[in-house]
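K.L.:
Next one to model:
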Amino acid sequence: MEYFDEISELPEHLLSNILSIFYDDFDHISEVSEPLLPYILSFCPTKDAVRTSILSSRWRSLWTYIHNLDFSFSMDASGIEGFVEFVDRSMSLHKGFKIQKFRLSFGYRERFAPNVNKWIRLALEKQVELLDLDFLGLPSSANIPHGIKLHHFFAFYSSANYYPNTFDLSTSFFHVGSSLKVLKLTHCILKSNSLDGLGSLKTLCLSHVRLNGSFLEFIAGCPMLEDLDLEDCDGIPHFQISSPNLQLKLKRLKIHTCIDFKIIEIDAPNLISLDISGLASSDRKFYLKNISALLHASLNLYYVFVEDSLEQGGSGYCLKTILGDVCHAKVLTI
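P.N.:
Below you'll find the predicted structure:
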């Protein structure tokens, strides 16, 4: 709806006050003009937004125009099947022309692949700008039912019976995703052409993702990428983010505990922030060059000390080398 554009810059303090009225003093929400209501509902969990449809005829379809959709599974009587059915119905009833943010978090099962594929395509067709797909779906304490011990709940979630399947994103969805600016993926599989078509993407966050192919080929389709965050990713022994053929705009890079990355090669003239953590072993090599713009560097690297570890080829020497490469940063955290 066009009025979303007019109120997208609503001051944060005003939005906070309106949401407070919505949750704590519902009688006064009727005084808010109707064009503003879907915007307010967009900042509520989607499940709560949908529930407002039973209030009156005025509210029946307001939620279908919200521009933020947030679906996070929580343990309740409906179970995982009920959650998938709820998302299916919500997506099919959504009438807005644009989705600004789409977030999905649940323990994925392969039998739900057709459903998930459909949801992603619908979000992309509606020019989503932030897409957050978490197929691990570990719960926060807020989603744990009352009366269940926290440690018992997480023990169940980590059991072999629950542990979710990995979602395969090998087939590119993003040829229609030119408006996507932020992409967050957890617990899935990507191949080198999976991200083709993301010409507007500025932020890419990958967690527990298996990468099949050259990393240079992954980012070749993302010419505007500025922020790259990798955590517990695997599948490629040579992580390379340097190429004379790519005009990299990368400004911030984080690599945390990606143990498969045996060679890390970075050539990024616009890089201002670098954050690396994990094992500095004798079989890991770091090649950092052309990073003179670096302002902030954080190194949380550890190694097992042995007598020759500081000699060339030892794990200590690896740490010594990378320290030399980033010592010019204005802020250095070790």
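K.L.:
Where do the helices of this protein begin and end?
P.N.:
Applying DSSP state H to the chain gives helices spanning 3-7, 12-24, 37-41, 46-51, 79-93, 113-125, 150-157, 215-219, 315-326.
K.L.:
Worst mean pLDDT among those?
P.N.:
Among the helices of the chain, helix 3-7 carries the lowest mean pLDDT, a mean of 35.
K.L.:
Please name the nearest non-neighbouring residue to Gly213.
P.N.:
Spatial nearest neighbour of Gly213, chain neighbours left out: Ser192 (2.9 Å); criterion: C-beta to C-beta, 6 or more residues apart in numbering. Any C-beta I mention is one placed from the backbone N, CA and C, and that applies to glycine too.
K.L.:
Tell me if I'm right that that neighbour and Phe218 touch.
P.N.:
Yes - with contacts counted by C-beta atoms under 8 Å, Ser192 reaches Phe218, the gap being 5.8 Å.
K.L.:
Would you mind telling me which of the two has more residues around it?
P.N.:
Phe218 (24 against 19; other C-beta atoms under 10 Å).
K.L.:
who are the neighbours in contact with that one?
P.N.:
190, 192, 194-195, 211 (C-beta atoms under 8 Å, 6 or more residues apart in numbering).
K.L.:
Please apply the same query to Ile276.
P.N.:
Taking C-beta under 8 Å, 6+ apart, one finds 254-256, 264, 298-301, 322 in contact with Ile276.
K.L.:
Can you turn the buried part of these into a ChimeraX selection?
P.N.:
A single ChimeraX command selects the buried members of those (16 or more other C-beta atoms under 10 Å):
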select :254,255,264,298,299,301,322
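K.L.:
Dump the contacts of Ile276 into JSON lines; add distance to Ala113 as well.
P.N.:
Output for these, formatted as JSON lines (distance: C-beta to C-beta, whole Å):
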{"residue": "Lys254", "distance to Ala113": "30"}
{"residue": "Ile255", "distance to Ala113": "30"}
{"residue": "His256", "distance to Ala113": "29"}
{"residue": "Ile264", "distance to Ala113": "33"}
{"residue": "Ser298", "distance to Ala113": "38"}
{"residue": "Leu299", "distance to Ala113": "40"}
{"residue": "Asn300", "distance to Ala113": "37"}
{"residue": "Leu301", "distance to Ala113": "38"}
{"residue": "Ile322", "distance to Ala113": "41"}
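K.L.:
Please enumerate the strands of the stretch 101-250 of the chain.
P.N.:
Applying DSSP state E, counting those that start in this stretch to the stretch 101-250 of the chain gives strands spanning 101-105, 130-134, 167-168, 182-191, 203-212, 227-231, 238-241.
K.L.:
circling back to that earlier point, which two in the contacts of Phe218 are spaced the farthest apart?
P.N.:
Leu195 and Leu211 (10.6 Å; C-beta to C-beta).
K.L.:
Out of the contacts of Ile276, which sit inside strands?
P.N.:
Among the contacts of Ile276, DSSP state E puts 254-256, 264, 298-301 in strands.
K.L.:
Of the residues you listed, just say which sits nearest to Ile236.
P.N.:
Ile264 (10.5 Å).
K.L.:
Report the separation between the closest one and Gly278.
P.N.:
10 Å (C-beta to C-beta, to the nearest Å).
K.L.:
who touches both of those two?
P.N.:
Ile255.
K.L.:
who does Ser72 bridge with?
P.N.:
Ser105 (DSSP bridges).
K.L.:
quick one: contacts for the residue nearest to Gly213?
P.N.:
212-214, 217-218.
K.L.:
you'd agree Phe71 is up against Val87?
P.N.:
Yes - applying C-beta under 8 Å, one finds Phe71 in contact with Val87, separated by 5.0 Å.
K.L.:
quick one on the thing from earlier: want to throw the contacts of Phe218 into JSON lines with distance to Leu230?
P.N.:
Listed next are those as JSON lines, based on distance: C-beta to C-beta, whole Å:
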{"residue": "Leu190", "distance to Leu230": "12"}
{"residue": "Ser192", "distance to Leu230": "15"}
{"residue": "Ser194", "distance to Leu230": "15"}
{"residue": "Leu195", "distance to Leu230": "13"}
{"residue": "Leu211", "distance to Leu230": "9"}
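K.L.:
from those, which single one is nearest Leu274?
P.N.:
Leu211 (19.7 Å).
K.L.:
least trustworthy helix or strand in the protein by mean pLDDT?
P.N.:
helix 3-7 (a mean of 35; mean pLDDT, DSSP states H and E).
K.L.:
do you know how far Trp291 is from Lys251?
P.N.:
In this structure residue 291 is Ile, not Trp. Taking C-beta to C-beta, one finds Ile291 at 11 Å from Lys251.
K.L.:
any residues in contact with both of those two?
P.N.:
Leu271.
K.L.:
Between those two, which is the more surrounded one?
P.N.:
The neighbour comparison of Ile291 against Lys251 (other C-beta under 10 Å) goes to Ile291, with 20 against 17.
K.L.:
Fine by me, we can end here.
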